[in-house]
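Chemist: Give me the fold of what follows.
(one chain, ligands or ions: 1)
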Amino acid sequence: MKLIEGKKIAEAVYAECVVGFHELKAAGYQPGLAVVLIGDDPASKAYVGSKDRKCRELGMHSVKIERPADISQEDLHVLIEELNQDEKIHGILVQMPLPDHLSEEEAILRIDPAKDVDGLHPTNLGKLAMEDPTGFAPCTPSGCQRMLIESGLETSGKNVVIVGRSLLVGKSLALLMMGKGAGADATVTVAHSRTKDLAAVCREADILVAAIGRPHFIGTEHVKDGAVVIDVGINRIDDPTAKRGSRLVGDVDFDAVADRCEAITPVPGGVGPMTIAMLMANTIRSCRMKAGL
Ligand code: NDP
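Modeler: Numbers count the residues shown, from 1 in each chain. The predicted structure follows:
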């Protein structure tokens with residue numbers, strides 16, 4: 001069994017970012033990312049903190065904007081418009097989920113598609129469907145695809161089963177992997193909560209992707225011998241033996257299935273680090289497009 005170490009692969013992405021950064025610097029540009037955090041959800045705060053830290057490490061301009069949970073939809077739109085107009089900002093990410101009274105769709109619609117480095121604006125999702133390389137694909141699915149490519153795992157002609165159909169992960173990854181080219185050309189099945197005999201569907205997978213949000217949901221009955229397993233899930237579970245009383249686990253029961261896999265991602269240290277790396281890569285690319293490089 002090969003462990004697909006997202007943390008290591010992310011370093012390769014950062015090395016490319018550094019090259020891109022220096023080219024931009026020579027041309028008089030500094031890539032800038034703005035991350036908007038509404039409210040004080042601890043998990044969202046932690047994600048925003050690591051994005052901000054990574055930006056600074058890479059020498060990028062980083063703006064972290066925090067607003068109270070009771071911000072109005074109109075004020076959020078005003079904030080997004082200011083960032084759209086800000087010449088120093090090349091990427092805008094509104095951290096999800098937003099508080100219940102706010103519409104995520106309306107907020108995303110306000111982001112300039114050229115700065116939508118999270119790839120969730122309809123223009124970028126349309127470009128993803130059309131395989132137009134000028135768009136931005138959502139960071140988690142592109143991170144999954146990049147991991148497969150960097151690990152030398154063939155996707156062409158393979159049966160890929162993705163459990164989960166969210167726009168953020170499952171649906172977008174399906175579009176990427178059914179497309180043409182490296183890390184793609186796959187025969188893709190998307191399963192969800194209404195899928196009949198999920199375990200049998202999953203056992204058809206040469207590459208099984210879990211993006212469900214249920215700890216240890218995928219077990220031995222879902223995984224055929226020699227499969228590649230990508231675990232997108234991030235779930236916090238109680239663990240009295242852990243320092244914080246809890247720990248992060250994936251959607252896959254790693255200990256149960258690892259032995260039968262050709263390759264598998266760990267949680268943490270798998271897809272998570274790749275998501276942040278792809279966000280940085282998208283921001284650099286956005287700046288390069290602005291600079292005409
Ligand atoms: P969503 O809740 O939006 O989607 C979950 C999907 O799982 C839905 O399509 C749902 O089906 C499906 N599902 C739920 N229960 C079952 C079931 N019993 N059988 C089959 N399918 C089921 O979650 P996200 O896509 O946003 O996230 C999924 C996981 O990935 C979460 O753990 C999240 O924390 C993690 N994540 C990790 C990231 C990273 O960087 N590593 C980034 C983003 C997310 P239905 O549509 O029918 O309800």
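Chemist: Quick check: which ranges of the chain have low pLDDT?
Modeler: Along the chain, segments meeting pLDDT under 70 are nowhere present.
Chemist: which parts of it sit against the ligand?
Modeler: Near the ligand, the residues belonging to the chain are 140, 163-166, 168-170, 191-195, 198, 211-214, 232-235, 271-272, 275 when assessed by C-beta under 6 Å from any ligand atom. (Each C-beta comes from the backbone N, C-alpha and C, glycine too.)
Chemist: List only buried entries from these.
Modeler: 140, 163-166, 168-170, 191, 195, 198, 211-212, 232-235, 271-272, 275 (16 or more other C-beta atoms under 10 Å).
Chemist: Identify those among the residues you listed that sit within strands.
Modeler: The strands, defined by DSSP state E, take in Val163, Ala191, Asn235 from those.
Chemist: what's near enough to touch the second one?
Modeler: By that I understand Ala191. Residues in contact with Ala191, defined by C-beta atoms under 8 Å, 6 or more residues apart in numbering, are Val161, Ile162, Val163, Gly164, Arg165, Leu198, Val201, Cys202.
Chemist: Any chance you could list what contacts stretch 105-116?
Modeler: Taking C-beta under 8 Å, 6+ apart as the rule, stretch 105-116 contacts 73, 76-77, 80-81, 83-84, 89-92, 94, 98, 120-124, 135-136, 286, 289-290.
Chemist: Okay, and which of those residues map to helices?
Modeler: Counting by DSSP state H, the part of the contacts of stretch 105-116 found in helices is 73, 76-77, 80-81, 83-84, 122-124, 286, 289-290.
Chemist: of those, closest to the ligand?
Modeler: Asn124 (16.6 Å; C-beta to the nearest ligand atom).
Chemist: quick one: that closest one and Thr134 touch, right?
Modeler: No. Contact criterion C-beta atoms under 8 Å: Asn124 and Thr134 do not qualify, at 9.3 Å.
Chemist: who has more neighbours, the two?
Modeler: Shown here are Asn124 and Thr134; by other C-beta atoms under 10 Å, Asn124 has more neighbours (25 against 11).
Chemist: Contacts only, for the more buried one.
Modeler: Neighbouring residues of Asn124 by C-beta under 8 Å, 6+ apart: Pro113, Asp116, Gly135, Phe136, Ala137.
Chemist: For it, which non-adjacent residue is closest in space?
Modeler: In this structure, Asn124 finds its nearest non-sequential neighbour in Gly135, 4.4 Å apart by C-beta to C-beta, 6 or more residues apart in numbering.
Chemist: What is the burial count for that neighbour?
Modeler: Look at Gly135: counted by other C-beta under 10 Å, it has 19 neighbours.
Chemist: Surely it is in contact with Lys127?
Modeler: Yes. When contacts are counted by C-beta under 8 Å, Gly135 is listed as touching Lys127 (2.7 Å).
Chemist: Quick one: the helices in this structure, in order.
Modeler: All helices of the chain, identified by DSSP H, fall at 6-26, 42-57, 73-85, 104-110, 122-130, 139-150, 170-178, 198-203, 254-257, 271-291.
Chemist: Only the buried residues of the shortest one, if you could.
Modeler: Just to be clear, that refers to helix 254-257. Residues Phe254, Val257 are the ones in helix 254-257 that count as buried (16+ other C-beta under 10 Å).
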